[in-house]
Every structure is written in structure tokens, then in C-alpha cells.
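**Q** generate coordinates for the sequence data below:
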Amino acid sequence: MKPYRRHILNTAICFLLPQGLFFGCSLIGLGIGTISDNASNRNAGDISLMSIRKLEPGTTLTVITRDSRRLEGDYAGSRETPQEPYQAQYEQALVKLGMKDHFPLPGDTITFGTYFKPETKLRGIFMGVDPGVAVVSRAGQRVAFLELAWMHSPTGADIDLEAFQTLVSDRQLPSVTQGILLCTDSDTTEILLSDVIRVEKEASHNGKLIGFGIGAVIDIAVIVGMSQAHHESEESCNRTSTNQGCNARSR
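**A** Below is the predicted model of the structure:
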């Protein structure tokens, strides 16, 4: 290779190699963050009321109420109606509908099966309903009506799940969950579940920034390590040169 070509190649390597080392992990982190954001975006948009309690605290939500308000904030959890007031409200609603003897009451022991294992008889204490789910005191189980294959009352009578689900969907029965807690810039706001008509989950855009930041930290650590190694190598060379010069003078 001609000398000037070798010089150009060495110059290019000296310039590009540090750039690759510096930006390599940063770009990888940026790519991973982008993938994470894209996955989050696929889960963004409207979410069902039955899924709210499954959200991670800190999830950014927009809650639309019946009076057309749009409340934005971070999900901070939910609040349940105390047991005794809820039982009274629930029973009163069934009496008003003339269906007190048709469906279980909070505190009743029920048996049920799911479509996953319809032959397996599960037992628990019926605690009430939430949008789309029956709340059962069995390790805090919340069973979606779509998952229920059958349900029996304490007397063993078969419960009409389709009619039961219709009552819940039409909000003719009170919900165990009383309100959604949202953290805003100024305060924590409770929104009554009965006032909520829609909940939107905001897409995440933090993955790119976090991924790039972690990659940049790794890149900087690599550069600092290389710089220290180079500095130590130069000091070693200087000591070697000094020793050789002393030896030459002594001779």
C-alpha cells in the first residue's frame, strides 16, 4: 500500500474508531428504547374499565366522564366502597329490580367454573361486582363474566350469567370499586367509577431517552477507561525512555 494511502487509512481509523466506541452503546440503547416504546404504543388507547385495577401505578391516563370532562393524571390506585354500605346498596338495587332471589348477595358462598376448566368446581365468597367482573373472596380473585362457564347459588341453583352480566353492563348494580385515584400536578383526585364513560392510556415516549442515556453512560465509561489506559501506557513509555537515557550516559 502506498504511504499516502496508508496515512489516509490510519487517519480515518483514528477518527472513526472513537466515534464508534462513543456512540455504539448509545445507539443500541436508543434502538432498544424505540422497541419498548413501540410495544407500549400498541397497548395505548382506550382500556376497559375491568382492566383499570390491573394497571401499574404511575400509568398516565385520561379519564372522560359523563359530563364530558377530560381529567389527565397518573394512576394512583382505586378506592372500594366499605363492605357494609356496599352490601346494603347492592341488595337495595336487586330489590328495586325485583330480582333479589335470582342472583347471589355479597357474603354468599358460591361455586363456579371457568371456560378454562369448566369441570373444576371452584368455591368462594361472593363480594359483589365491578364492570365486567364478579368479585370473589378467593385470594382476591376477580373473574370476568366472559370467563365464567357456570355459577351456582348457595342453594346449588344455577345462576343466569347472561342476565347477571347484562345488569352489570347496564350499571344497574353498584360496583365494589367506588373511584379511580389520579395524581395530577397539584393534587390527587378521585373520580367516581359511576361517572366514568371512557379511560385512555397514554403512549410511552420515555424508552428512547432512557435507553440512550444508559448507553451513553456505558460509552463514557469505556472512553474514560481507554483514556486512563493510554495515560498509563505513556507514563510507562516515558519511564522506559528515561531509564535507557541514564544507562546510555553511564556507559
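**Q** any low-confidence regions in this protein?
**A** Applying pLDDT under 70 to the chain picks out residues 1-45, 139-140, 203-213, 215-251.
**Q** that one: strands as residue ranges?
**A** Assigned strands in the chain, in chain order: 45-47, 60-65, 70-80, 109-114, 122-130, 133-137, 141-144, 148-152, 177-183, 188-192, 196-201 (criterion: DSSP state E).
**Q** looking at the ones you listed, which is buried most?
**A** Of all these, strand 133-137 carries the top mean neighbour count, a mean of 22, counting by mean count of other Cβ atoms under 10 Å. In short, each C-beta sits where N, CA and C put it, glycine included.
**Q** just the CA trace of it, in PDB.
**A** Provided in PDB are the C-alpha atoms of strand 133-137 (Å, rounded to 0.1, in the frame of the first residue of the first chain):
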ATOM      1  CA  VAL A 133     -66.300  -8.900  36.600                       C
ATOM      2  CA  ALA A 134     -67.600 -10.800  39.600                       C
ATOM      3  CA  VAL A 135     -65.500 -10.200  42.700                       C
ATOM      4  CA  VAL A 136     -64.900 -13.400  44.700                       C
ATOM      5  CA  SER A 137     -63.100 -13.600  48.000                       C
END
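**Q** tilt between it and strand 70-80?
**A** Taking axes from the mean of the first three to the mean of the last three Cα atoms, to 10 degrees, strand 133-137 and strand 70-80 form an angle of 30 degrees between their directions.
**Q** what sits up against strand 133-137?
**A** 50, 110, 112, 124-129, 141-145, 148, 151, 164, 176 (Cβ atoms under 8 Å, 6 or more residues apart in numbering).
**Q** quick check: closest non-adjacent residue to residue 83.
**A** Spatially, and ignoring its direct neighbours in sequence, residue 83 is nearest to residue 106 (7.4 Å; Cβ to Cβ, 6 or more residues apart in numbering).
**Q** what about the one you found, neighbour count?
**A** A count of nearby residues for residue 106, using other Cβ atoms under 10 Å, gives 20.
**Q** what do you get for the one 10 residues further on?
**A** Neighbour count of residue 116, defined by other Cβ under 10 Å: 8.
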